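> no letters, just coordinates:
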Ligand code: GDP
Ligand code: IMO
Ligand code: MG
């Protein structure tokens, strides 16, 4: 069997968690392939809201195995906290969770380094979630990191001490940054003890065997394409490959095993943290979208910046990922805001361009918008596309025609049930 991939096409928070949960009944295995507790994936059903950070979003389905892949970085403390909450509602959850031996560990000193580095950047800060993501991936590529498999070794404490010594040296380069590591370590080691009791596996052979056995696998991405370390708005990005290639390296899946690539996007754009955002709105319309869309970060609670849909960016994301099906989220939020704008090109250094340039900084580029009719109808109770207002249908047709990929699913609200599969 092949592996399908689901990922975000914008700056994260597109609604990936909701759709993984919706699609899970079609799969045997859900596998997270990158990122860590910087992610916040929200699921809503039966009147309850759940936010997952490191645990795959298939976890509420009984017969599905959830794999935390080698490309993920795990903070044991956050991981344990997440599981404690889940177990209270789903006592069997541990029987459906497997963790890759090769996933890297976030140490308390990684979080300190993240905080120190961000504070030192001042106005140029990335707006990191301060979960230690950057420093942990730096240690991974720098070949210094600790992996989940290391906690099963006799010399784990030595490995830990060696890495922390390096981190203390690095922290001494930030003389204004004060910290107390000894306050953080006991909880971290408690969580490591807990992690040792979980199902730690060699995840690549597990995935390979599952493919051979004909089991169906959905790879779940975190963040979004424009936050990708290579293809995002560098340096205002995260530190992993959030794109389809990340599913290959983050799970050990060969490229020719990937079949469907589901690209999730909002009917508008949002971004949390710093960095360029060409279609950002600074007016009342932006505030209305933020309020109606409850656009506040699921991990940090920070307000999300809001703006119009950006077609050059969306097309780029579709190409980088080889998206086969699009899924459009949150169009219900746009009801009643009047005519909509869609960015179709940029004015860049005096020229009109339709691709994403090297830098998206606002002093260099200006978005060119087309105006399309909006709609006033409430979409949230609609259950079939036949009920959609004419101008919403036109909006869907327009996007499909522009980007050349079908939109197979429309989400009209946060609940699992508010999902319309298109014919
Ligand atoms: P993720 O990180 O991609 O999983 O997305 P988040 O969970 O961070 O953010 C998406 C937010 O939008 C969550 O609060 C969801 O409950 C909510 N949401 C998802 N789909 C829809 C939708 O179609 N309409 C509305 N109004 N909210 C949605
Ligand atoms: P999900 O999976 C939105 C952003 C941060 C910051 C930048 C770098 O929920 O879509 P990091 O902590 O990774 O060093 O932060 O990336 N960011 C996200 N924005 N959704 C996310 O995840 C994000 N994960 C990181 O705000 O700008
Ligand atoms: Mg999120």
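Ah, there it is. Nothing here was measured: the structure is a model prediction, and the numbers come from that model. Numbering: from 1, shown residues only. Ligands and ions are numbered 1, 2, ... in the order given.

> so where do the helices sit in the stretch 151-300 of the chain?
Shown for the stretch 151-300 of the chain, the helices assigned by DSSP state H, counting those that start in this stretch span residues 156-171, 181-196, 203-212, 244-251, 284-292.

> out of the ones you listed, deepest packed?
Comparing those by mean neighbour count (mean count of other Cβ atoms under 10 Å), helix 244-251 ranks first with a mean of 24. Bear in mind the C-beta positions are built from the backbone N, C-alpha and C, glycine included.

> what is the mean pLDDT for that one?
Helix 244-251 carries an average pLDDT of 98.

> for that helix, packing partners?
strand 3-8, helix 203-212, strand 217-220, strand 258-266 (3 or more Cβ pairs under 8 Å, 6 or more residues apart in numbering; DSSP states H and E).

> now do that helix against strand 3-8, angle only.
Here helix 244-251 points in a direction 120 degrees away from that of strand 3-8 (axes from the mean of the first three to the mean of the last three Cα atoms, to 10 degrees).

> distance between helix 244-251 and the chain's centre?
14 Å (Cα atoms, centre = their mean, to the nearest Å).

> contacting residues around that helix?
3, 5, 7, 31-34, 67, 69-72, 203-204, 207, 219, 221, 228, 240-241, 253-255, 258, 261, 320-322 (Cβ atoms under 8 Å, 6 or more residues apart in numbering).

> do it and ligand 2 meet at all?
No. Using Cβ under 6 Å from any ligand atom, helix 244-251 never reaches ligand 2; the gap is at least 12.2 Å.

> give me every residue in the stretch 251-400 of the chain lying close to ligand 3.
Within the stretch 251-400 of the chain, the positions lying close to ligand 3 (Cβ under 5 Å from the ion) are residue 298.

> contact partners for the residue in the stretch 251-400 of the chain positioned nearest to ligand 2?
Using Cβ to the nearest ligand atom, the single residue of the stretch 251-400 of the chain nearest to ligand 2 is residue 273, 2.2 Å away. Shown in contact with residue 273 (Cβ under 8 Å, 6+ apart): 126, 127, 128, 129, 236, 302.

> recalculate using a threshold of 7 Å.
126, 127, 236 (Cβ atoms under 7 Å, 6 or more residues apart in numbering).

> give me the number of residues near the first one?
The tally of other residues near residue 126 (other Cβ atoms under 10 Å) stands at 18.

> so it touches residue 234, yeah?
No. Counting by Cβ atoms under 7 Å, residue 126 stays clear of residue 234, with 10.2 Å between them.

> about what we covered before: to ligand 1, which of the helices of the stretch 151-300 of the chain lies closest?
Ranking these by proximity to ligand 1 (Cβ to the nearest ligand atom) places helix 284-292 first, at 7.6 Å.

> just give me how far that closest one sits from the chain centre.
Counting by Cα atoms, centre = their mean, helix 284-292 is centred 23 Å from the centre of its parent chain.

> check whether that helix contacts ligand 1.
No. Using Cβ under 6 Å from any ligand atom, helix 284-292 stays clear of ligand 1, with a minimum separation of 7.6 Å.

> ok, now stretch 250-265?
No. Stretch 250-265 lies out of reach of ligand 1 by Cβ under 6 Å from any ligand atom, never closer than 6.6 Å.

> pull out the buried residues from that stretch.
Across stretch 250-265, burial judged by 16 or more other Cβ atoms under 10 Å covers 250, 251, 252, 253, 257, 258, 261, 262, 263, 264, 265.
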